[in-house]
Structure formats: C-alpha cells, structure tokens
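> what's the 3D shape of this:
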Amino acid sequence: MSDTTNAGNVKDGYDIFAGDYANDPDALWAAMRQGGCPVAHSDKWGGSWVVTRYDDVRDIAHDGARFSSRAVEVAGPIPEIGHELFLPPLTSSPEDHKAHRDLLAPFFTPAKIAELEPFVRDEARRLATAIAGRGEGDAVGDFARPLALSVISHILKVPLDAQNRFVDWVVRLVRLGPLDQKVRSAVVQEKLAYLEKLLKERAGAPGDDLISYLAHAKLNGEPLSRKHKLGSLFLLVLAGADTTWSAMGASLWHLASHPDDRAQLLAQPDMMRTTAVEELLRAYAPVSIARLTSEPVELHGRCIAAQERVILPLAAANRDPAVFDEPDTVKLDRKRNRHLTFSSGEHRCLGSNVARLELRVALEEWLRVVPNFHLTAPDAVEWTAGQTRGPEQVLIAVDR
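Model (predicted):
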C-alpha cells in the first residue's frame with residue numbers, strides 16, 4: 001500500500017482557515033502532491049489529514065468500511081461515536097445509507113428537477129435585470145446567494161423572509177462554527193428548533209412539499225423518528241445554500257476575469273448544456289468533506305490512527321495533473337471530465353442535478369441580460385475557507 005517513506009509532507013501544519021490554504025489552495029495542494037508524500041497532517045482545529053490525489057479522494061469516498069461518514073465536518077472536535085450530528089443520508093451508516101437515500105430520492109428525479117427550471121429561470125432573470133438596471137452590483141450578494149436561497153425556499157415552501165435566517169445559519173455554522181464550538185452549538189439548536197416548528201406545522205396541514213413529505217414519511221413501515229426528520233431537513237437546507245451560491249459566484253468571477261471564455265460562451269451558448277458547466281464545476285468545486293478512520297490506516301507510508309479526520313478536498317482531486325490535462329486551465333470545451341465535485345460512490349451528492357440545473361440556468365440568464373461585465377475590484381476578492389470555498393463578493397460593473 002505504501003509508495004513513499006514515512007517522512008512527513010512539506011506542508012504539514014497547514015491551516016485550512018488561513019494562509020496559503022485559504023488564499024491559494026490549488027498551489028498548496030500541488031505542493032503537497034509534489035512534496036514526496038501526497039498526504040499532509042495538521043494539529044490545528046481538531047486535527048486532520050488531507051489527501052490531494054484524485055485516486056486517493058475517490059478511493060476513500062468509496063471505502064465506507066475504513067473511512068466512516070458519521071461526521072463530515074472538516075474542523076472542530078471529533079465527536080464520540082453516537083454524539084455526532086445526524087444528517088441522513090450523508091452521515092448514515094453503510095447498512096442504512098441506501099434506505100435513507102431512497103427515502104429522499106422521489107424529490108430528486110429528473111422529472112422533479114425539470115419542474116424547477118421555470119422558477120429558477122424567472123428568478124435568475126429578475127435578479128440579473130436588477131443588476132443590469134443599476135449598472136453594477138455584487139454577483140454573489142445580489143445574484144448567486146438570493147437565487148440559491150430562493151430555490152431552496154421554493155422546494156421547501158418556506159417564506160422568502162426565511163432567506164436571511166438561512167444566510168445567518170450558514171455563516172455561523174460553516175464559517176464561524178468550526179472556529180468556535182459555542183457558536184456552532186447555538187446555531188445548531190436554533191436551526192433544529194425552527195425546522196421542528198415547520199415539521200409540526202406540515203404534519204397538521206400537509207402540502208406537496210418536501211417538509212410535508214418528511215413529516216409523514218415512513219421507513220420500513222414505521223414513521224420516521226424525530227431525529228431522522230430533523231437531520232434530513234437540516235442537511236437539505238445546508239446543502240442547498242452555501243455550496244450552490246459558492247459555485248455560481250466562482251463561475252461568475254471566472255467569466256468576469258476571463259473575457260475570452262465569456263466571449264466563447266456568448267458565441268456558442270449550446271456549450272452550457274454540453275461541457276461548460278461541467279468544466280466550471282470541475283475547476284471551482286466548492287466543497288471539502290471529511291471522513292473518520294474506523295481503524296488504523298496506512299496511506300502512502302503515513303500511519304493514521306483510528307478515529308482521526310481525513311479531509312477530502314474535491315477541488316484538489318479535480319486539479320490532479322495525473323488525471324486532467326492542464327488541470328489549472330479552464331477549458332470550457334473539455335470533453336473528458338471525470339470530476340469529483342459531487343464526490344463519488346454511494347455518498348455522491350443526491351442533489352447534484354439540482355445544482356447543475358441552477359448553475360446552468362443562472363449563467364444562461366446572466367449572460368442573456370449582462371453579456372459584458374468586468375470586476376471593479378479584482379484584487380479585493382476574498383474567498384471563504386474551510387468546508388466550502390467561494391468568493392465572498394464579486395463586485396462587477398456592466399459594460400454597455
């Protein structure tokens with residue numbers, strides 16, 4: 001199994017929330033891959049190992065026996081078994097995973113996803129038109145974020161005024177929570193209380209939405225437990241928010257800063273449905289996920305004890321030169337594109353095709369309304385770090 005010595009990685013001691021990891025993770029991952037051993041270790045933020053090669057990310061994602069998904073956060077104390085945040089099917093055990101995933105599958109069929117397109121298109125056009133009318137705006141705060149939140153609000157049939165609440169939860173849970181466990185605990189309790197209220201309301205007055213479905217769903221002939229209902233709903237709100245708007249924001253940042261690629265899409269709009277969206281997803285995969293070792297594991301000569309965190313940066317896999325030709329170059333017509341943006345194996349993202357739809361339609365409508373635009377402060381773009389990576393703001397001006 002080992003292909004190197006037991007020597008450490010040149011980038012041991014990395015900080016997933018600061019320095020090179022936050023500012024230029026692609027270069028950092030490249031250095032990790034080239035440093036003699038493609039596995040690095042850090043004691044910061046609860047401790048973790050990080051793998052950087054495509055094959056390692058894919059193989060670990062497939063190996064549920066040795067790499068458990070019971071806790072997927074990339075930082076913070078490693079929870080004791082039985083005390084982790086239960087988010088089925090993401091954190092479900094191997095024996096339960098399929099049943100938990102199948103329970104939600106009816107809401108992610110091709111037909112269900114196709115029903116979303118008119119709503120997504122109308123919202124994207126409305127938001128882009130408002131920016132075009134002003135002549136400037138923030139492609140994240142004025143477009144990508146409200147669009148993603150409108151879609152998840154539409155799926156769940158919750159009031160649009162819940163969007164500010166969702167943003168607050170994401171910021172405190174994903175951005176601040178790993179650095180401050182009191183913040184994390186507080187937002188988890190707030191979110192669970194709000195979601196439980198929604199479940200109780202839909203239990204008494206059900207509709208055709210996902211919350212009503214969960215409120216009345218059964219598993220093996222028995223009603224879902226309170227813990228299961230809340231966990232699945234917690235996951236759906238989280239997964240439909242930050243990751244999606246981060247992918248949209250990064251893609252719009254790219255098109256603003258790469259006019260040749262933007263011109264190519266304007267000249268060949270059909271590329272959006274063939275290769276362009278997949279390439280942008282490959283290049284700007286927003287998510288890192290974690291696994292916990294179920295037993296001692298040796299990776300490339302490094303010995304990892306049981307119950308230690310291994311981070312899988314999906315973007316690092318997508319930048320592996322052993323798999324992708326010129327991986328750091330965005331090629332909108334890239335034909336062979338086996339990216340791992342939605343992970344791999346049985347835990348592959350259930351909502352991947354919803355995310356694809358949102359990104360495609362968002363870019364189509366943006367380019368239809370705002371075909372030419374540029375960054376107004378290119379050197380001021382800051383990127384989030386940790387579990388999800390995307391630009392905090394993308395300030396643009398419309399070119400008339």
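
> tell me where the stretch 251-400 of the chain has helices.
Using DSSP state H, counting those that start in this stretch, the helices assigned to the stretch 251-400 of the chain run over residues 259-267, 271, 277-283, 314-318, 352-369.

> now stretch 298-313: buried residues?
When burial is assessed from 16 or more other Cβ atoms under 10 Å, stretch 298-313 yields the following buried residues: 299-302, 304, 307-313. Yep, even glycine has a C-beta here, placed from its N, CA and C like the rest.

> columns pLDDT and distance to residue 399 on top of these, output as JSON lines?
Output for those, formatted as JSON lines (pLDDT from 0 to 100; distance: Cβ to Cβ, whole Å):
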{"residue": "299", "pLDDT": "95", "distance to residue 399": "49"}
{"residue": "300", "pLDDT": "94", "distance to residue 399": "48"}
{"residue": "301", "pLDDT": "92", "distance to residue 399": "53"}
{"residue": "302", "pLDDT": "95", "distance to residue 399": "50"}
{"residue": "304", "pLDDT": "97", "distance to residue 399": "51"}
{"residue": "307", "pLDDT": "96", "distance to residue 399": "54"}
{"residue": "308", "pLDDT": "97", "distance to residue 399": "50"}
{"residue": "309", "pLDDT": "98", "distance to residue 399": "46"}
{"residue": "310", "pLDDT": "98", "distance to residue 399": "45"}
{"residue": "311", "pLDDT": "98", "distance to residue 399": "40"}
{"residue": "312", "pLDDT": "98", "distance to residue 399": "39"}
{"residue": "313", "pLDDT": "97", "distance to residue 399": "35"}
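
> which residues touch the residue lying closest to residue 98 once chain neighbours are set aside?
Leaving out its chain neighbours, the residue that sits closest to residue 98 by Cβ to Cβ, 6 or more residues apart in numbering is residue 346, at 7.2 Å. By Cβ atoms under 8 Å, 6 or more residues apart in numbering, the contact set of residue 346 is 62, 64, 94, 97-98, 101.

> which residue ranges form the strands in the protein?
With strands called from DSSP state E, the chain shows them at 39-42, 48-51, 67-68, 136-138, 218-219, 222-223, 288-293, 297-299, 302-304, 309-313, 373-375, 395-398.

> nearest to residue 31, out of these?
Residue 31 lies closest to strand 39-42 among these, at 9.3 Å (Cβ to Cβ).

> who does the closest one pair up with?
Taking DSSP bridges as the criterion, strand 39-42 sits next to strand 48-51 (antiparallel) in its sheet.

> state the mean pLDDT of the partner strand.
Averaged across strand 48-51, pLDDT comes to 97.

> run through the stretch 251-400 of the chain and note the low-pLDDT ranges.
Within the stretch 251-400 of the chain, not a single segment meets pLDDT under 70.

> one step back: which among the contacts of residue 346 end up buried?
By 16+ other Cβ under 10 Å, the contacts of residue 346 give 64, 97, 101 as buried.

> give me the spatial nearest neighbour of residue 348, chain neighbours excluded.
Nearest residue to residue 348, sequence neighbours excluded (Cβ to Cβ, 6+ apart): residue 342, at 5.5 Å.

> and the one you found, how far is that from residue 87?
Distance from residue 342 to residue 87, counting by Cβ to Cβ, to the nearest Å: 16 Å.

> repeat for residue 299
Counting by Cβ to Cβ, the gap from residue 299 to residue 87 is 26 Å.

> mind listing what's buried in stretch 74-84?
For stretch 74-84, a neighbour-count test (16+ other Cβ under 10 Å) marks 74-76, 78, 84 as buried.

> I'd like to know which of those residues is nearest to residue 151.
Using Cβ to Cβ, the buried residues of stretch 74-84 come closest to residue 151 at residue 74, 25.1 Å.

> so what pLDDT did the closest one get?
95.

> wait, doesn't it sit right on residue 311?
Yes - at 5.2 Å, residue 74 counts as touching residue 311 under the criterion of Cβ atoms under 8 Å.
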